[in-house]
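Novice: everything below, folded, please.
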Amino acid sequence: MLARPSAVSLPAHPEVRKGFGSRFSMPGLWSDDYSLHDVGDGWQRVGVSAFYSERPRIAQGVADLVAATGAPAIAAYISESSCAHVEGRTPAGVAFTLHLPDRDEACGYEHLDGRPRPSPPDAALEAVMAWAAQVGRRTSAGAVAQILDPAWSRGTIMEEVIIDWYGALGFSSRGMVEPTVDPDDPAFEGFQKQAFRADCKASAQWRAALEGDTLDVSWDLTEQEREYLAFRDLLWGSVYGGGLTQEECVERYDILRARWV
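Specialist: Residues are numbered from 1 along each chain as shown. Predicted structure coming up:
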């Protein structure tokens, strides 16, 4: 996603976690490009995925983020590196909804909010350029048009296409932002296992409620599991600043672990 948060980093913004999930990309061999990047003048981009118990809402999530920051935003929900549902909004009401590649044929993936309908290339380009005009960056219309072309190659890795697209819109990286908290620190030993179990149970409860099913009491979240989920939210909301420090997270986890020994 691409946005301009006002006072905190993009991962620390509550509307980001509420609308898109909390598992932010961290620097690594295959993920440097998808971690938090400064793209100038307060704008940032970051990759994020949802935990099982989180329910991303790409269209509403972008709308809520724009309302909260007072700045334009774009988010792309990527399916298996093959295609993307892209939403763009501005505070002035300029909006676009696209599927990349922008073809009539089915992509084979189940998209959040449903797959956007194909758009005529000229109409899609006009909508994206209208969004860009309100941002004030130097935009390469030719590069944007190439990505929107329905004849665009199906063999391209979609994450790379989206980053290139941000660059064409004038948002090339000015540098990677280093995380301030490491969720994989050995100091959090045992946390991932406990949080994963609670996450799966919470997700099963949501699915059962959606489908009108009733689960037995063994699927009810215990107090311990609720506390581990709360700590997960606190931890991932702090990874790029705006929350607790690494030392404070470790201290909180030590208290949590001691409580449930």
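
Novice: other SSEs contacting the helix or strand bottoming out on mean pLDDT in the chain?
Specialist: Least confident helix or strand, the chain: helix 141-148 with a mean of 87, by mean pLDDT, DSSP states H and E. Helix 141-148 is packed against strand 95-100, helix 121-133, helix 158-168, with contacts defined by 3 or more Cβ pairs under 8 Å, 6 or more residues apart in numbering; DSSP states H and E. In this view, the C-beta of every residue, glycine as well, is placed from N, C-alpha and C.

Novice: who touches that helix?
Specialist: When contacts are defined by Cβ atoms under 8 Å, 6 or more residues apart in numbering, helix 141-148 is touched by residues 98, 100, 102, 121, 124-125, 128-129, 132, 152, 161, 164-165, 167-169.

Novice: closest to residue 192 out of those residues?
Specialist: Using Cβ to Cβ, residue 161 is the member of these that lies nearest residue 192, at 31.2 Å.

Novice: ok, now how distant is the closest one from residue 168?
Specialist: From residue 161 across to residue 168, the span is 10 Å (Cβ to Cβ, to the nearest Å).

Novice: still on that earlier bit, which of the contacts of helix 141-148 count as buried?
Specialist: 98, 100, 102, 124-125, 128-129, 132, 161, 164-165, 168-169 (16 or more other Cβ atoms under 10 Å).

Novice: where do the strands of this protein begin and end?
Specialist: Here the chain has its strands, by DSSP state E, at 2-3, 23-24, 37-38, 44-45, 48-49, 73-79, 83-89, 95-100, 175-176.

Novice: switch the ones you listed over to JSON lines; also include distance to residue 157 and mean pLDDT.
Specialist: As requested, the strands of the chain are exported to JSON lines (distance: least, Cβ to Cβ, whole Å; pLDDT from 0 to 100):
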{"stretch": "strand 2-3", "distance to residue 157": "18", "mean pLDDT": "97"}
{"stretch": "strand 23-24", "distance to residue 157": "20", "mean pLDDT": "96"}
{"stretch": "strand 37-38", "distance to residue 157": "17", "mean pLDDT": "96"}
{"stretch": "strand 44-45", "distance to residue 157": "16", "mean pLDDT": "97"}
{"stretch": "strand 48-49", "distance to residue 157": "16", "mean pLDDT": "95"}
{"stretch": "strand 73-79", "distance to residue 157": "9", "mean pLDDT": "93"}
{"stretch": "strand 83-89", "distance to residue 157": "11", "mean pLDDT": "92"}
{"stretch": "strand 95-100", "distance to residue 157": "12", "mean pLDDT": "91"}
{"stretch": "strand 175-176", "distance to residue 157": "19", "mean pLDDT": "95"}
